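**Student:** My questions concern the predicted model and sequence given below.
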Protein chains: 4
Amino acid sequence: MKFKPTLIGALLLSVTSLQAQTDDGIIRLSEFAYPVKRENLNIPAVNGYQVLKCDFHMHTVFTDGHVWPNVRVQEAWREGLDAISYTEHMEYNPHSADVKVDHNRSHDLAVELAKENNIVLIKGTEVTRQTPPGHFNALFIEDANVLVSDNDSKMDQEAIDKAYAQKAFIFWNHPGWKATAIPGSYEWIDFVEKMYQEKKLHGIEVVNGLGFHKKALDWALDRNLTIIGNTDIHNLIAHDYNIGQQGVHRTMTLLMAKDRSAAGIREALEAGRTVAWSSHYLFGKEENVRNLVNASISVSPSYYEKSNPKTKVTTKYYEIKNNSDLYFELQLKSGNGTKKIILYPESTQILTAESGQFQLTYEIVSTYIRSDKHLQFDINLK
Amino acid sequence: MKFKPTLIGALLLSVTSLQAQTDDGIIRLSEFAYPVKRENLNIPAVNGYQVLKCDFHMHTVFTDGHVWPNVRVQEAWREGLDAISYTEHMEYNPHSADVKVDHNRSHDLAVELAKENNIVLIKGTEVTRQTPPGHFNALFIEDANVLVSDNDSKMDQEAIDKAYAQKAFIFWNHPGWKATAIPGSYEWIDFVEKMYQEKKLHGIEVVNGLGFHKKALDWALDRNLTIIGNTDIHNLIAHDYNIGQQGVHRTMTLLMAKDRSAAGIREALEAGRTVAWSSHYLFGKEENVRNLVNASISVSPSYYEKSNPKTKVTTKYYEIKNNSDLYFELQLKSGNGTKKIILYPESTQILTAESGQFQLTYEIVSTYIRSDKHLQFDINLK
Amino acid sequence: MKFKPTLIGALLLSVTSLQAQTDDGIIRLSEFAYPVKRENLNIPAVNGYQVLKCDFHMHTVFTDGHVWPNVRVQEAWREGLDAISYTEHMEYNPHSADVKVDHNRSHDLAVELAKENNIVLIKGTEVTRQTPPGHFNALFIEDANVLVSDNDSKMDQEAIDKAYAQKAFIFWNHPGWKATAIPGSYEWIDFVEKMYQEKKLHGIEVVNGLGFHKKALDWALDRNLTIIGNTDIHNLIAHDYNIGQQGVHRTMTLLMAKDRSAAGIREALEAGRTVAWSSHYLFGKEENVRNLVNASISVSPSYYEKSNPKTKVTTKYYEIKNNSDLYFELQLKSGNGTKKIILYPESTQILTAESGQFQLTYEIVSTYIRSDKHLQFDINLK
Amino acid sequence: MKFKPTLIGALLLSVTSLQAQTDDGIIRLSEFAYPVKRENLNIPAVNGYQVLKCDFHMHTVFTDGHVWPNVRVQEAWREGLDAISYTEHMEYNPHSADVKVDHNRSHDLAVELAKENNIVLIKGTEVTRQTPPGHFNALFIEDANVLVSDNDSKMDQEAIDKAYAQKAFIFWNHPGWKATAIPGSYEWIDFVEKMYQEKKLHGIEVVNGLGFHKKALDWALDRNLTIIGNTDIHNLIAHDYNIGQQGVHRTMTLLMAKDRSAAGIREALEAGRTVAWSSHYLFGKEENVRNLVNASISVSPSYYEKSNPKTKVTTKYYEIKNNSDLYFELQLKSGNGTKKIILYPESTQILTAESGQFQLTYEIVSTYIRSDKHLQFDINLK
C-alpha cells in the first residue's frame, strides 16, 4: 500500500481524540509524522537581485546515486532550493545491469514533478574523464546522450567540444579530488588551460559537498571564472547533512539573479554573481561576498551609552542583526569594540564600542575571498 | 566525485583550526555533517527473550519505491533495527521501462551490505492482488520470481499456494486500506477464511505506516494470528518520519526472540510473540504488551512521605521509571494517586499516593490490546 | 568563580585543536555551550506599524517568582521580546522573611540591564485582591509602594483608584482562574462593571500562560477592551516552555505600534491594536488578527497548471508562504482547493485549486476572533 | 496567578479536540509546553558501584546567583542528577541590600523540595578568600555561618580550620581562575601545601563549568587528591548549557558509590572514586576513567568477514557499542583497524580490523588521565 501523502504531520491528536476520528476503521497515528514543509531559506535581496539557492551537481540511480529522480525534487523543495540540475556521469554506469542507460532519463523523469513543485530544472550532465583533468559539469545542454564518444583516446576533448556546441555552461568539478591518490593531479594542466583559452571553461566547483578546494578558489579568482558550490549528492541529503538542526543546510551556490528562471540563472552564472555556501562558510569573489554580507547584516544606531566612573571610558551600545539564514563569525581587526561576534541565522547580538570612534573593522572569518583571505567588514558607528 | 563516507560529523573544527588541517589543499568543512551512528534502540529483555526491532514491509526502485536497495540497510542500521525484509510488489512494476523486472533483485543486491551492517535480511515479497482481499506479504521465501502466475483468474490463489509451498510465513497487509474507495472491502472474506482454515495465513499487518487498522487487530486477536506493524516505506524514512526528534521512530514490529537470527525471528513470529509499535502506541496481545511494559517500567519503594497537617492525609512518594525508548501514557483507574503520568523515553516521573494503599491501577492509554481496550497496569506500592 | 559571560558557544573546537588554545593553563571546552543569541522573532510590519512582542506580567524573587530580576531581561533578550513589565504582587509576599519587601525593587534593579539589552521596561504592578474580582495589572505607574492600602475593607477599590491616579493602564488578569474553586467567580461582577464605567479598566488578559480564558475574550470584544496575553511567569521560561523547539515561543502580546518606545506601546495599548499569541494560537479582534494574517501570509500567482485527461479537470498550482515566525492552520470552507494547510513558521506549502475559480475561503482554525469563531480568510486566485 | 504545575506537556491536543476540553471556560493550550521529565542519565554500574551524578558547586540569590534555591533542585531533577550542594560565598554578598545574609539559608529552603524530588542534598559552603589561594568548597558541614571570621588577616586560615573542625570534605576550586589577571596565582602555594600536609585538603575542582584546569589535574594526580568537576552555576543551567540538544549535559562529578546516600557519596569522595565530566570530556585518575570506559563500551565478537580478492586481505567486522550517555572519541594507535571512532551517547559503530590480529589499541582522546595524556584502550578481538 502507499498512502497518498498528506500533511498529516500537523494534526496533533491526543489519545482521547483519536477515538473520534475513525469512520473507516483506520486511525491515523499522525502526531509524530514529519512536518512536511518547504523551508523559507531567507536571504535578503542583494542590490535588486534575488538570491537563488541552487545545486548543480547530483546523482540518482541512473548512474551511481541511491535515489529515484523524484527524491531530488522532494529534497530541493523541502530545503528551500530554487534550482537543481541532474548531472549523471556519462561514462560511469555501475547500475547498468539493472537500469537502462540513458543520460537524459533522470532529468526527463523529474520534469513534471519539478514543475508542480516550482523548482527550476536545468538540464545537465557530468563529463567523467580520467583524472587529471577529472570531471566537468555541463549545464543547459539539450541532449546528454550525444556527448558520449566512441573514441577512447579523444573522448575528453570530444565531450567538452560537443557540450560547448550545445552552448553549455561548463565548470570543472572538485579539482584535486584525487590529489593524494594521483600526485600531480591538483594542477592547472594544459587540457584545462586550453579549455580556458577557448572559452570553454566558465566556472570551477570550489566547494564539493563539505570539501573546500583551496587552490581551485584562487584559480577561479585569478581567471575570473564563476565560483560554484554543490553537494554532488549520491546518498540522501537527510543522511549526509544534519538538516534542520541548528541552521544546517546542504551545500549550494547562491546566485544573485535578475529573476527566478533558467534564463535568469544562466545570466547570473555567466556574470559570475555567485557565492558558494557550505557548512558555516561562504566562498566567492570579494564583491559578491561583500554584497551578500551587506544585505544580510545591519547595525543599529547606538541605543545606549554609559561611562565607567573609574576608567572614564564611555561605552556605546549597538545591535548587530543578521537578517538572513546565513551564519557569520566576526573578529575585530581595528578599533575598540567587541572582539568576537557570532551571528547565528536570524539572530542579533549586542555590539559595544568605545565612544568617540567612527568605525570598527572586522574580519568575517567564516568567509573566504581567497584561499588565505577573509572579507574585511567595516562598521560605521552612528 | 563521491567522497568515501567517513565519520566526519564528529570532527568539530573551528575556523582557526581549519587552516592547520590541509595537506592536500582541500579543507573538510565537517562540523555540520550529520552524526552518522547506529542508535541503540533500548528495550530491555523480556523474560529472557531479546526484543528485536523488525520491519517486514518496504519497497525500492525495483517496484514503486524511491530508493536503491542499499538505502534500506542504511536506514535500518541508523535507526537501530535488527531485521528487515524487501517485499517488492509481484504484479505492480511502474518502473519497468527503466528497471529490469526481477522480484528477487532488491534483496540480492542488499545481501552483502546487510551482512557488513549486521542486519538480518529475510527474503520476502508482496503478493499484490485485487482488493479485496488486497495484499499479502510472504516472508522466508526462496524465490519470488516463481510466485508470479500467468493465469489471471487464479492468480490470487496460485501465488498464495506457491508461497506456502516455499514454506513462507504469510500475513495479510493493511486490511481495509481501500475501505472508503471499495465498499465492503474491509471484511473477513471467504478467500481469507479459506487461507486461515488451510493454515496459510499466519499474521495480520495491524499497523501500516501511521495507520492503525482497528478491525484487523480484533481479527488477529480472535484467531490467534501474529500481530505485525511495518512502515511499508516507499519514500525516505527521514522524509516520512521525524526521526531523531523527541523519541520518534519508524513503525516496526517488536519481536521477543530467543536469538538474533533468521531462525529466531521465524520462531517468534510463529509463536506470536510480537507487539506493533507506531508513533507513541503499542498494539498487541495482552500478554505480549504486558510483558513489554513490565520489562520497561519500574516503580521504586517509597523514598519519602509527608503529612498535610490540615487534611491529616499522608502522601507517599515513589519514582516511576521508564527504562526503555518506548513511550507510555498512564491514566489512573482506581486508588488515590497521581492521576496522569507521561513516561517519556528513558525518563522518570514522581508518583505520589495516599498512604495506606497497596495498589494503584492505571490504564496505559498508549497501548491497544483490542481496538477498544487499553492495557490495565497495577502498581504494587511498597 | 563566575566566568565573564562570553560567546564561547560559537567556538567549535576539536580535541586536537584544544591543545593549541591554552596559554593560561585553562582550556575552554566550549563546543557544547549554549548558543547565546537574541532570536529575531520575525513578524512583518502591519500597515506601517511595527509588531512589538511584549510580556506585561511576570514575577521575581521579590514576590513569589523564582529568579532574580536580571533573568527576566536575559530571557526577554534571548526570545526576541521588545518590552516587559515586572508586576510583583502587592499583597502577597511569601519571601518576606528573606527578601526585603519593596514593590518597585525588581523593576529598579533591572533598569540598567534593560537599557544595555535594548529592552523597553514598563513599570508595573499586580494588584492582588480577593477573588472575585481577583487580580489586576497596572502598567505605566510611577510608584508601586504607594498603592498599598492599610484599610482592608476598602483596599480593592483604593488600589485601583491610586493606580488610576497614577495614570495607569489597567487590565484584569486571567478572569475565572479560580472558576472551579470559587463557584461564581468567573462572572462580570459589579466591581468590574464599575471600573469599566469609570474608565478604569482598559484591557483583559485573555491568555495567561497556556490558558485561554474564553469568556474573557468575549467580554473584551463586547466592551472594546484591549486583548492581552502574558506568561505570568514565576519559574524559568526555559522550564515552562519548550523554547527553541519547533517554533515554540512564550506567550506574549503582539502590539502594532507606531514606534518601539514606552510611548508607542501605550498608544497601541490604548488604541487596542493587540493580538495575544500563545502556543500555536492567536487571539484578538477580527481586524487586528486579519491585519496580522495579511502581513504574514502571501499567495503567489499560479505557476503551473495541468489537466487530468480522465476527469477533464484542470488543476492550478500556487505557493502559499508564511513570511513570519507565527504558525497557521487553515481549513477550506468553500471552493475546490487544498482542504487543509499547515503553515509552519517561515515556510511554504503548495496550494492547488480547480481552474476557473477566483476565490478559496478558509477558516484559520489556529485563530480566535471570538471564543467560538475563527478568522475567515479569502484567497483570491490569480 | 500561578498554575499548579502539571504534566500538561504530554497532552497533545488538536484544535478540534480543544473545544471538547472545556468545562470551566478555560482552555489549556498545552501542546507546546515543555515535556517535564527527569532524564535517565544512563551510565552502567562500574564494578558493582553505582555511578552517581553530582554537582557540588552552585549559587542562588542568597549570594551572587540568579535563582531562588528551589530552581537548583528543579534543574537537578530534570537533568538526572543524584546529589547537589549549595555553596554560597561566605564573604561575598552582593545582594545583601535586599536579601538577608544567612549562609545556611539556601540549603535550608531546599531541604523539603529535595526530599520530595529524591535529590541528595549535601550541606556546603564556599570559602571565598583572596586569590591566591582563592576559593575552597567545604562539603558535609553543619553550619556555614560559624565559619565566618572577624579577623581579616587570619580569615583564610580560620575558615579552613573551622570547616575542618566540622569534619568537612574540602576541595580547592578552579585553581588559576585569575591566572592572567594575577600573575603567579596559578601556583601550588604554601598555604595550599600546608592544608595538604595537615590533611585539610581533600580534592581539587579540575573542571569548573566549561573550563578545564590543566595544572590542577596534575596536582590532584600527583598528590592523590579527589578530582572534581562542577558547574559553579550562577545563572540558569538552561541558559548556560545547550541541555537536551545532542547529548549535552551540565558539568558534573561522576561518583562510583556503594549506595545513593550522603554517606555513600562521602565514602566515594574520600576514596577518590570520581571522574569529572564536562562537555564531551572525561577527566580523572586512570583507573577510574578506565573502569568507567569498560563499563560503558562493549565490542561484539566478529559477525562477518570478507576477503578482498585483489589484496588478499581479509577484513573482520565488529560492533562497538556505547551503552551509556557519555561520549567517546577513539583514535587508533596500533594494529590495522578503523582509524577513528566516534561513539555518540547510546549508539553503536562498526569496527573493522584486518584478520589475524588479536588486539587494536586506541587512545580515547576525549579523556584526560593527565593534562597531556589520554586513556589507552585495548580492544581484544574475537
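**Tutor:** Thanks, I have the structure now. Remember, predicted model here, so these are calculated numbers, not experimental data.

**Student:** residue ranges of the helices in chain A, please?
**Tutor:** All helices of chain A, identified by DSSP state H, fall at A:15-18, A:69-78, A:105-116, A:155-165, A:190-197, A:214-223, A:237-240, A:262-271, A:286-296.

**Student:** any chance of those helices in TSV, plus mean pLDDT and distance to residue A:53?
**Tutor:** The way it works is simple: take the backbone N, C-alpha and C, and place the C-beta from them, glycine included. Output for the helices of chain A, formatted as TSV (pLDDT from 0 to 100; distance: least, Cβ to Cβ, whole Å):
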stretch	mean pLDDT	distance to residue A:53
helix A:15-18	32	39
helix A:69-78	98	9
helix A:105-116	98	15
helix A:155-165	88	25
helix A:190-197	94	28
helix A:214-223	97	20
helix A:237-240	93	13
helix A:262-271	98	11
helix A:286-296	98	12
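
**Student:** among those helices, which is nearest chain B?
**Tutor:** Proximity to chain B (Cβ to the nearest Cβ) singles out helix A:237-240 among those, at 3.5 Å.

**Student:** Closest residue of the stretch 1-150 of chain A to chain B?
**Tutor:** Among the residues of the stretch 1-150 of chain A, residue A:29 lies closest to chain B, at 3.9 Å counting by Cβ to the nearest Cβ.

**Student:** Next, count neighbours for the closest residue to residue A:51 other than its chain neighbours.
**Tutor:** Ranked by Cβ to Cβ, 6 or more residues apart in numbering or on different chains and with sequence neighbours excluded, the top spatial neighbour of residue A:51 is residue A:43, at 4.2 Å. Burial of residue A:43 is recorded as 22 neighbouring residues (other Cβ atoms under 10 Å in any protein chain shown).

**Student:** same question, residue A:294
**Tutor:** Residues near residue A:294, counting by other Cβ under 10 Å, number 13.

**Student:** ditto for residue A:101
**Tutor:** Taking other Cβ under 10 Å as the criterion, the count of residues near residue A:101 is 15.

**Student:** got the contact list for the residue of the stretch 1-150 of chain A closest to chain B?
**Tutor:** A:13, A:18, B:207, B:210, B:211, B:212, B:278, B:279, B:280, B:281 (Cβ atoms under 8 Å, 6 or more residues apart in numbering or on different chains).

**Student:** Which of these ranks first by neighbour count?
**Tutor:** Counting neighbours by other Cβ under 10 Å, the top entry in the contacts of residue A:29 is residue B:207, with 31 neighbours.

**Student:** Can you tell me the closest non-neighbouring residue to it?
**Tutor:** Skipping the residues right next to it in sequence, residue B:207 comes nearest to residue B:229 by Cβ to Cβ, 6+ apart, at 3.7 Å.

**Student:** Just the pLDDT at the one you found, thanks.
**Tutor:** Looking at residue B:229, its pLDDT stands at 98.

**Student:** Could you check how far it is from residue B:284?
**Tutor:** Between residue B:229 and residue B:284 the computed distance is 9 Å (Cβ to Cβ, to the nearest Å).

**Student:** Over to residue A:214?
**Tutor:** Spatial separation of residue A:214 from residue B:284 under the definition Cβ to Cβ is 57 Å.

**Student:** More neighbours: those two, which one.
**Tutor:** In this comparison of residue A:214 against residue B:284, neighbours counted by other Cβ under 10 Å, the higher total goes to residue B:284 at 30 against 20.

**Student:** from memory the more buried one sits against residue B:275, does it?
**Tutor:** Yes: taking contacts as Cβ atoms under 8 Å, residue B:284 lies within contact range of residue B:275: 3.7 Å.

**Student:** Quickly list what's touching both of these two.
**Tutor:** By Cβ under 8 Å, 6+ apart, the residues touching both residue B:284 and residue B:275 are B:227, B:292.

**Student:** Quickly list the domain ranges of chain A.
**Tutor:** Here the domain assignment for chain A is A:50-284, A:297-380, based on automatic domain parsing.

**Student:** Out of the ones you listed, which one sits most buried?
**Tutor:** domain A:50-284 (a mean of 21; mean count of other Cβ atoms under 10 Å in any protein chain shown).
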